[in-house]
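[1] Make a model of this:
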Amino acid sequence: MNTQDAKRVLETALICAQQPLTLREMRSLFADAIGPDTLRSVLDEITRDWEGRGVELVAVSSGWRFQSRPELREYLDRLHPEKPQRYSRAVMETLAIIAYRQPVTRGDIEDIRGVVVSTQIVKQLEDRGWIDVIGYREAPGRPGLYATTKQFLDDLGLNSLEQLPELEASGASPTQALADAAGLQGLLIDDIAEANEVNLNSGPDSLSESEPSESLDSSSAPALNDGGASPPATPDPLSDAADKVQTDA
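    Here you go, the predicted structure:
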């Protein structure tokens, strides 16, 4: 099969796929007759072909997919004008702490936020497929260690944790930085700018403002695209956590 035929097959498969395709899945289209280097070359060519169009080919955590460009989101939303649901402040703060300080236990999150993390919040994030238990801390009670999932990265249009905004560089709170990461992909997470800022860089007991209520908003989930290690005594910084999660994946 020549390169142009391979390109047509690959492009068709990517457009028709309901989930991102991994490199292994794409090679199976050709019974492994096309090597990794050739496959990468064809993907690069398809990416260039779609430049300037309303749809782009991107690599996310679980593979490659076509998606609409962020700047066209406002027009596409007119097809579904209903107001997007959203998470409460407490949910977004919890998610931001897990994203930036993973792997963490519920106790770690409570130390940082200064309040008890309700089971409902954890379950909501687990049901959404954004967090999961990846191991257990060698401590009394063997508490579960939470980390974000590939689904979380896919929904934000990210390939790895390293693509999350750097807190020190942006000067933003974790919840705002997480919202910005989603916004860059044209996703909708509302009311994050008003959330209480949690200073992850200075460790526990660093809630900057009065604690919001743990109760959820009447609508509880945003409209988004539908995706262990032996830890130290305190949560690892993002750079170490990213290595742990990628290794365990």
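
[2] Residue ranges of each domain in the chain, please.
    Annotated domains of the chain cover 3-68, 89-248 [automatic domain parsing].

[3] where among those domains is the average confidence lowest?
    Lowest mean pLDDT within those: domain 89-248, a mean of 65.

[4] Verify the stated contact: E11 with I46.
    Yes - under the criterion of C-beta atoms under 8 Å, E11 makes contact with I46 at 5.5 Å. C-betas here are computed from N, CA, C, even on glycine.

[5] Packing partners of the helix or strand where S41 lies?
    Using DSSP states H and E, S41 sits within helix 36-49. Helices and strands touching helix 36-49, by 3 or more C-beta pairs under 8 Å, 6 or more residues apart in numbering; DSSP states H and E, are helix 3-16, helix 23-28, strand 55-60.

[6] Next, the angle strand 55-60 makes with it.
    Helix 36-49 runs at 140 degrees relative to strand 55-60, counting by axes from the mean of the first three to the mean of the last three C-alpha atoms, to 10 degrees.

[7] and helix 36-49, which residues are buried?
    Of all the residues in helix 36-49, those buried under the rule 16 or more other C-beta atoms under 10 Å are L39, V42, L43, I46.

[8] what's near enough to touch the third one?
    When you say that, I think you mean L43. L10, L57, W64 (C-beta atoms under 8 Å, 6 or more residues apart in numbering).

[9] and those as TSV, adding neighbour count?
    Below are those laid out as TSV (neighbours: other C-beta atoms under 10 Å):
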residue	neighbour count
L10	23
L57	21
W64	22
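
[10] quick one: which of those is nearest T105?
    Distance to T105 across those (C-beta to C-beta) is lowest for W64, with 34.2 Å.

[11] Checking my notes, the closest one in a strand, right?
    Yes - under DSSP: H, G, I helix; E, B strand; the rest coil, W64 falls within a strand.

[12] Report the beta-bridge partners for it.
    Per DSSP bridges, the residues bridged to W64 are L21, A59.

[13] Break down this structure into its helices, ranges please.
    Taking DSSP state H to define them, one finds helices in the chain at 3-16, 23-28, 36-49, 73-76, 89-101, 106-113, 119-127, 150-155, 167-170, 174-184, 238-248.

[14] Which one of these lies nearest to R137?
    Closest approach to R137 among those is made by helix 106-113 (8.7 Å; C-beta to C-beta).

[15] for the closest one, packing partners?
    When contacts are defined as 3+ C-beta pairs under 8 Å, 6+ apart, helix 106-113 sits against helix 89-101, strand 144-148.

[16] Buried residues in that helix, which are they?
    The neighbour-count check on helix 106-113 (16+ other C-beta under 10 Å) flags R106, D108, I109, E110, D111, I112, R113 as buried.

[17] follow-up on the earlier one: any idea which of the helices of the chain gets closest to P140?
    Among the helices of the chain, helix 106-113 comes nearest to P140, with 10.5 Å by C-beta to C-beta.

[18] Next, the angle helix 89-101 makes with that closest one.
    With the same axes, to 10 degrees applied, the angle from helix 106-113 to helix 89-101 works out at 110 degrees.

[19] hang on, the earlier thing: could you dump the contacts of L43 to TSV with distance to S160?
    TSV is the format used below for these (distance: C-beta to C-beta, whole Å):
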residue	distance to S160
L10	23
L57	18
W64	14
